[in-house]
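Enquirer: Okay, predicted coordinates and the sequence, questions at the end:
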Amino acid sequence: MTVNPRNTERDRKLFRYNLQSVKAVEAFSFVVPLTDWTINTTYPAFNDNVVGQPTPSYYVRTSDNNVYVCIRQGKNEFGAAQVSQFVPDHTDTTLPIEDDGYVWKYMYTITTADANRFLTSNFMPVKFVDSAAPTDPEAPQLAVQNAAIAGQIVGYRVDAGNAVYSAAPTLTVRGDGSGAKAHAILDATSKLAAVEIGDSATVGTGSGAGGNVSLTSAMGSNYNEAYVSVDPSNLTSGTNAKVYPIFAPGDGFGADARTDLRSTSIMFNIKPEGTVENTWVVDNEYRQVGLLKNLLDSANGNLFTDTQGSALKKIVLTAPITGGLNWADDVTISGDSNAQGWIDYFDDSATIWFHQNEETGFVPFRSSETVTISGKSGSFTIDTIQDRDFDIYSGELLFLNNQSKIARDPDQTEDIKVVVKL
């Protein structure tokens with residue numbers, strides 16, 4: 001579900017009229033569109049000049065629920081993009097170069113708990129870790145956060161123009177940071193096809209941690225501003241090419257995965273079980289889901305603090321209803337005062353849960369009133385009327401979504417996920 005900005009004020013009013021129950025949000029998380037790593041797919045490297053999420057994305061989730069960012073796209077000897085053939089599997093702070101030339105930075109692993117709450121066919125969770133013990137499943141992400149290097153240059157954009165070179169030009173990175181290095185790759189026509197991190201193609205290819213550290217070192221650190229000087233000595237024709245640095249986000253890749261993956265949405269999750277302590281309707285259905293903030297208690301006007309509540313009024317009859325109700329048709333209750341309401345549920349005894357809307361009108365029922373129920377012969381008498389648990393007109397409606405009807409039964413548990421774009 002995603003937020004629908006087209007809801008009218010009347011839609012919002014009708015939602016409150018027909019509201020059945022509420023349950024407090026049990027968990028929430030920032031989320032991003034889900035992109036699974038797939039073999040033989042060409043993935044783009046992260047680019048600070050691209051807004052939003054490219055397709056395919058520059059990040060992936062693997063079958064192990066590990067999340068990686070593409071730092072370097074695999075290329076052939078002429079700088080042409082290649083497909084990804086080797087799934088990344090490291091979960092440390094190194095930057096190994098895969099056999100297909102791709103460089104993936106490990107970001108975090110989606111924990112089992114977060115997967116159960118926030119992983120769907122369209123979204124996956126992303127978060128910042130405040131703390132984690134060494135044995136916690138979030139410990140690898142915390143290590144990545146702590147190892148982040150501010151002001152890194154993680155790639156280069158190329159404006160090749162019409163420049164032709166006799167050999168790859170020498171590139172020098174200049175700016176207010178230090179350590180960044182770059183080398184040029186020419187295509188088959190001797191034009192500048194790509195610029196990669198490091199001063200040669202062998203950077204980062206050494207065995208063990210040493211090679212990987214050299215690739216990290218070649219990204220430099222503490223750059224707020226930088227430019228790339230292209231030596232024109234090897235230029236044979238055309239105007240010298242231009243090269244622009246690509247900066248890592250924020251305090252460096254891994255410092256905050258929410259920023260790195262450009263999250264702009266939050267998912268809220270609840271899992272109502274059965275009657276939810278006799279506050280949720282069963283043996284009936286619902287068609288809308290909403291997100292409400294700061295509801296007020298109907299009894300005293302204070303903030304409603306219970307974790308669940310019924311939005312329906314209740315009528316207690318002087319005698320029970322026998323033989324049940326036919327829920328195949330909409331069931332109404334009508335009084336001799338012209339009051340009318342929709343019956344949402346009854347507890348196999350004398351208590352009716354009901355609501356009123358603009359179709360029934362809002363004439364209040366009265367104690368001792370004689371009422372009839374559609375589909376039932378005879379009449380009944382109201383003993384008492386009980387108010388709702390909370391004021392349905394209070395609070396801020398942050399989200400509203402219509403959907404196909406969902407039936408509920410006493411043994412049912414729904415997994416309701418709501419995604420709100422910020």
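Expert: Everything's here; your move.
Enquirer: what's the spacing between the closest residue to Asn302 other than its chain neighbours and Ser404?
Expert: Leaving aside its chain neighbours, Asn302 sits nearest to Leu296 (6.7 Å; criterion: Cβ to Cβ, 6 or more residues apart in numbering). Quick note: C-beta positions are derived from backbone N, CA and C, even for glycine. As judged by Cβ to Cβ, to the nearest Å, Leu296 and Ser404 stand 31 Å apart.
Enquirer: between those two, which one's more packed in?
Expert: Between Leu296 and Ser404, counted using other Cβ atoms under 10 Å, the more crowded position is Leu296 (16 against 6).
Enquirer: Wait, that one touches Phe390, no?
Expert: Yes. Assessed by Cβ atoms under 8 Å, Leu296 is found in contact with Phe390 at 6.4 Å.
Enquirer: what residues are up against the residue nearest to Asn302?
Expert: Leu296 is in contact with 302-304, 390-391, 394-395, counting by Cβ atoms under 8 Å, 6 or more residues apart in numbering.
Enquirer: between these, which is nearest Leu119?
Expert: Closest to Leu119 out of the contacts of Leu296 is Gly395 (29.0 Å), distances taken as Cβ to Cβ.
Enquirer: And for that closest one, nearest residue in space, chain neighbours not counted?
Expert: Gly395 sits nearest to Leu295 (Cβ to Cβ, 6+ apart), 4.1 Å away.
Enquirer: Let me know how buried the one you found is, in neighbour terms.
Expert: With other Cβ under 10 Å as criterion, Leu295 counts 22.
Enquirer: Kindly report the same for Arg72.
Expert: Neighbours of Arg72 under the rule other Cβ under 10 Å: 23.
Enquirer: Which strand residues bridge it?
Expert: Val103 (DSSP bridges).
Enquirer: Quick one, grab the pLDDT at it.
Expert: Here, the pLDDT recorded for Arg72 equals 95.
Enquirer: now do the one 10 residues further on
Expert: Confidence at Gln82, expressed as pLDDT, is 97.
Enquirer: Could you give the number of residues near the nearest residue to it once chain neighbours are set aside?
Expert: Excluding its sequence neighbours, the residue lying closest to Gln82 (Cβ to Cβ, 6+ apart) is Gly74, at 4.1 Å. Look at Gly74: counted by other Cβ under 10 Å, it has 22 neighbours.
Enquirer: Could you double-check that Gly74 sits in contact with Asp99?
Expert: No. Using Cβ under 8 Å, Gly74 is not in contact with Asp99, being 9.0 Å away.
Enquirer: And the strands in the stretch 1-150 of the chain, which stretches?
Expert: Taking DSSP state E, counting those that start in this stretch to define them, one finds strands in the stretch 1-150 of the chain at 21-23, 27-33, 59-61, 66-72, 103-109, 123-126.
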